[in-house]
Every structure is written in structure tokens, then in C-alpha cells.
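> whatever this is, show me its structure:
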Amino acid sequence: MTNEETPLRLLIIGGGPAGTTTATVAASLGADVTLVEDSIIGGAAHLLDCIPSKTMVATSIRMNAIRGAEKVGIVAGRSHVDLARLGARIKTISGGLASATSKLLESQDVNLIRGRGRFTGPNRAVAETEEGELGLTFDAALISTGSKPRAPEWAGVDGERILTTRHAYGLPTVPEHMIVVGSGVTGVEMVHIFESLGARVTLVVSRQQVLPHRDPEVAAVLEDGFLERDVKLLKGARATAITREGDEVVVDMDDGRTVTGSHVLLAIGSVPLSDGLGLDTIGIETERGYIPVDEYQRTNVDHVYAAGDVTGQLPLSSVAAMQGRKIGRHALGHPVAPIDFSKVAQAIFTEPEIASVGLEEAVAAAEGRKVRITKVPFAANPRSVIHGDTTGFVKVMSDPATRVVLGGTIVGHRASELIGVLALATRAQVKADVLVDTLMVHPSLSESVSDAGE
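Residues are numbered from 1 along each chain as shown. Here you go, the predicted structure:
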């Protein structure tokens, strides 16, 4: 037992957004925190996937702006991307964020151990470091080891021509023809990035639309944009084998079709990093490698929590960090409210951007739920017209009886920023009338959010 004189000993295995946030919150509340990380402080999934991809998106947005410069009266010269410089920028940004996170933890007296953590008993663990095994004891623990890109054996990933997303950020030159396998969030972002950088792109779509679990209207806007940019969509087929023949790669599909390119990028999900943690030693249950948790992020062993990608819940850095905030308080006995996963804002960083929160139209229809749907196209927004980019819309879902905002979807320029207004409205359960009565800046894209509440 711990008391005011004996601080809670909290062990965290995994230093991603969930682990580092838990550490800072718990340390600020007086816990004795030890964090064990064998890769990068800040999280491999975050700093080797999310941050690099969004850095490349930033470059691709500028490339597309140059392409469309004549729309706003600028005659631009021919431009190209220097991947070496872009790669260096990615390393600088990721390295800087990792360093800043480490310094924050150290400033709060969090004990950082470079190594791999493993449970050896109900309240004991070891950290496998370069200097050998270090014994650890704890009162409570958090598993936040994250995930890695899925790379099945049939794909033959070699890191040169057959790639996962983590290989995509260090290529020496822009691929001549990139084949992207997987049309979920990561897949469509990769299509946007490499097409914008100058590659010819083919997307293998296993279903009949990209983003198969999203609003069909949203998917249609994105598909139209891809087709306008000469992206080839191969729908209704799954990749079954990938072979490399010199400087070419061939993708075989289950319907007999094949496609040949210079590179293949797999964007077919991720797998949890839960092996080798000694979970059986402490009695922690798993399902397909994921660690089930309750509403407070506790595993079936009450004093051991799990958060982030390893739980199989929403694989978002924002969600992991929020889980960390909750765990940091709950472990020390402070009251917390469980996360409402139905009200998490999400974004896809393509052009146009796609963002959503709360209830979506397709889900409401599938559930037979009566909702009020209001939609405003960006073509009617003065700022969009000025920018020369009127693609997309703002859609607001509300209760027809009470007019309380239930959620919304935004497709268009800066959707990832605009969704914050609808996220707040959904979380606070405000009425659509509040959106209508809020005086937004004119001219601004946010006016469409207000108009959509009408």
C-alpha cells in the first residue's frame, strides 16, 4: 500500500503518447514514475509514422499549390522535390519532438530507462538494457508498447521496392510508379503524398470504394479528386502476392489481375506489439495480440493498465494521450470520466482534407436512426472562392426534436482545423442554433460551419 509518505510506484512500458502523458500527469500528482522505452521517446508509431507522413503532406500541399498557382494569378516555374532535404527535415522534426519530450519527462523527475520492459511477477519486472537486466518493482503499471505496420509474408517486404509506411520516408528518389495496397486512411494519405511529389500512382482497393467504412459521399469526393489527378483505382480485388523482378514489382490480385510498378507500399493495417512482455507471467489476457481493457483502461489485472495501439481501440495519438491523462489520475485514486469514443474527432490529411466527429450519416442510416442533416457546400463560401479551392462541404447532424448537435463531417481545405468547432459542439451537446448564432470571422471558412447549423 502507498500513502502520503510513500508515493505510488508507477511503471510504464512504452514511451509513446499514452506512456509519456501518463508519466507527466502521474509525476505531477506525486507518483514515483519509471518509464522503460527501447526505441524512441514519444513513440515509434507517432514519430516514425504520424509525424513523417504529415511532414510529407505539408510538402505535397505546397507542391499542389504551385501546380494551381495560375488560378490566383501567379505564373510559377517548374518545381521538384528534393527527397534528401525532405528526409532531413523529417528527421529534424521527429528528433526535435523526441528530445523535447525527453526533457519534459526529466524535468518532472521521471526515471527514463532505455531498454525493453518485461513482467516477471505481479509487482515485479525487468528492463533489458545494453548494460544487462535491471530489476524493477511497482505498485501499478501501464503497457503502452504501440504497434507496427502489418507486413505479411506473402508481400516479401524488402525496404527498397516493397515497402511499409515506415520505409516510405527515406526513399532516395521519387518512385516512378507507386502501387499502394490498402485504401483506408493511411493508404489514401500515401496516394495523396506520392502523387503530389510527382509519382504515377495506382491504388488497389479491396472494396468498391476507398475508405470503405466511411460516408460514401465523402469517399466519392476523394475518388473524384484522385481520378482528376490520374490516379488509377483498381477496385474489388485483394492483393495476394508481390514479387520483385529487378527494378520492377508485380502485384497479383485474387481476381487474376496484375499490376506492375517501380515500388509497392503496403497500407494494410498494423499489429500490436505485445509479444515478449511476460504477460502470461502476470496473468494478463490478450485477444489476437491486443490487450482488452475496461472503461478506465484497466486490464483483467486491476493494477495494470493498457493504452494506445496495443489495446486495439481507436489508433490515434490524440486518443492515446487522452487515455494517458485518465490513467495518470485514476492510478492515483483521482476520479475520472471514461472516454466517450463516439465523440472523438478524426482527420484524413489528403487534398481535400476529411474530418469527422460523432455520428455520421451512413451510421445513422444503417441504424435506422432519425436525424436532421444540414449541409453547406464550400462553393458558397467567399473565402473558398478567393482561395480558388471550392471542393467539399460541411455537414452537421443534429437531433430533429432537440436540435442538439450529434456530429458532423467536413470535406475541404483545412477540415482538420475546422472540425474542432463541431467537436466542441458535439462534446458539449449544444444546439445547432448556437452554431447559427455565433458570429464567425468574415470572410472565413468557419462561416460554413455556422451556416451548416441553419
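> strands of the stretch 201-350 of the chain, residue ranges please.
In the stretch 201-350 of the chain, the segments counted as strands under DSSP state E, counting those that start in this stretch are 232-235, 239-245, 248-253, 258-261, 263-266, 270-272, 304-306, 346-348.
> redo those strands as TSV? Include distance to M190.
In short, each C-beta sits where N, CA and C put it, glycine included. Below are the strands of the stretch 201-350 of the chain laid out as TSV (distance: least, C-beta to C-beta, whole Å):
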stretch	distance to M190
strand 232-235	14
strand 239-245	14
strand 248-253	15
strand 258-261	13
strand 263-266	6
strand 270-272	14
strand 304-306	29
strand 346-348	11
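> can you check which of these gets nearest to G19?
strand 304-306 (10.4 Å; C-beta to C-beta).
> and the helices in the stretch 101-250 of the chain?
Remark: helices assigned in the stretch 101-250 of the chain by DSSP state H, counting those that start in this stretch are 185-197, 216-228.
> would you mind finding the most buried of the ones you listed?
helix 185-197 (a mean of 24; mean count of other C-beta atoms under 10 Å).
> rounded mean pLDDT for it, please.
Mean pLDDT, computed over helix 185-197, is 95.
> before we move on, what about stretch 64-74?
Averaged over stretch 64-74, pLDDT sits at 82.
> buried residues in that stretch?
N64, A65 (16 or more other C-beta atoms under 10 Å).
> and it, end to end?
End-to-end distance for stretch 64-74, by C-alpha to C-alpha, to the nearest Å: 13 Å.
> what's in contact with that stretch?
V75, A76, S79, S196, E351, H387, G388, D389 (C-beta atoms under 8 Å, 6 or more residues apart in numbering).
> of these, which pair is most distant in space?
Within the contacts of stretch 64-74 (distances taken as C-beta to C-beta), the two that end up farthest apart are V75 and E351, at 21.8 Å.
> can you tell me the number of residues neighbouring A415?
By other C-beta atoms under 10 Å, the residues close to A415 number 24.
> check Q346 too.
By other C-beta under 10 Å, the residues close to Q346 number 17.
> check contacts around it.
Neighbouring residues of Q346 by C-beta under 8 Å, 6+ apart: L314, L316, A355, S356, V357.
> would you mind putting the helices of the stretch 101-250 of the chain into CSV with distance to V33 alongside?
Output for the helices of the stretch 101-250 of the chain, formatted as CSV (distance: least, C-beta to C-beta, whole Å):
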stretch, distance to V33
helix 185-197, 32
helix 216-228, 41
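> contacting residues around the nearest residue to D389 once chain neighbours are set aside?
Spatially, and ignoring its direct neighbours in sequence, D389 is nearest to H413 (5.1 Å; C-beta to C-beta, 6 or more residues apart in numbering). Contact analysis of H413 by C-beta under 8 Å, 6+ apart lists P352, E353, F378, S384, H387, D389, T391, G392, L445.
> let's see the pLDDT reported for H413.
93.
> how close does it sit to I373?
Distance of H413 to I373, computed by C-beta to C-beta, to the nearest Å: 22 Å.
> contact partners for E195?
V201, F226, R229, D230, V231 are the contacts of E195 under C-beta under 8 Å, 6+ apart.
> one more: I13?
G19, V36, G117, A125, A141, L142, I143, S144, T145, L277.
> ok, V249 - contacts?
With C-beta under 8 Å, 6+ apart, V249 has these contacts: R161, I162, I179, I242, T243, T260, G261, S262, H263, V264.
> return the set of residues that bridge with it.
R244, G261 (DSSP bridges).
> ok, V75 and E351, which is more surrounded?
Counted by other C-beta under 10 Å, V75 and E351 do not tie: E351 has more neighbours, with 20 against 6.
> three-state assignment of the more buried one?
Secondary structure for E351, judged by DSSP: H, G, I helix; E, B strand; the rest coil, is coil.
> please enumerate the strands of the stretch 1-150 of the chain.
Taking DSSP E, counting those that start in this stretch as the criterion, the stretch 1-150 of the chain carries its strands at 9-13, 32-37, 111-114, 116-121, 124-129, 132-137, 140-143, 147-149.
> possible to save those strands as TSV with distance to A423 and mean pLDDT?
Output for the strands of the stretch 1-150 of the chain, formatted as TSV (distance: least, C-beta to C-beta, whole Å; pLDDT from 0 to 100):
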stretch	distance to A423	mean pLDDT
strand 9-13	28	98
strand 32-37	30	98
strand 111-114	33	97
strand 116-121	34	97
strand 124-129	37	97
strand 132-137	39	96
strand 140-143	26	98
strand 147-149	25	95
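> many thanks, I have nothing further to ask.
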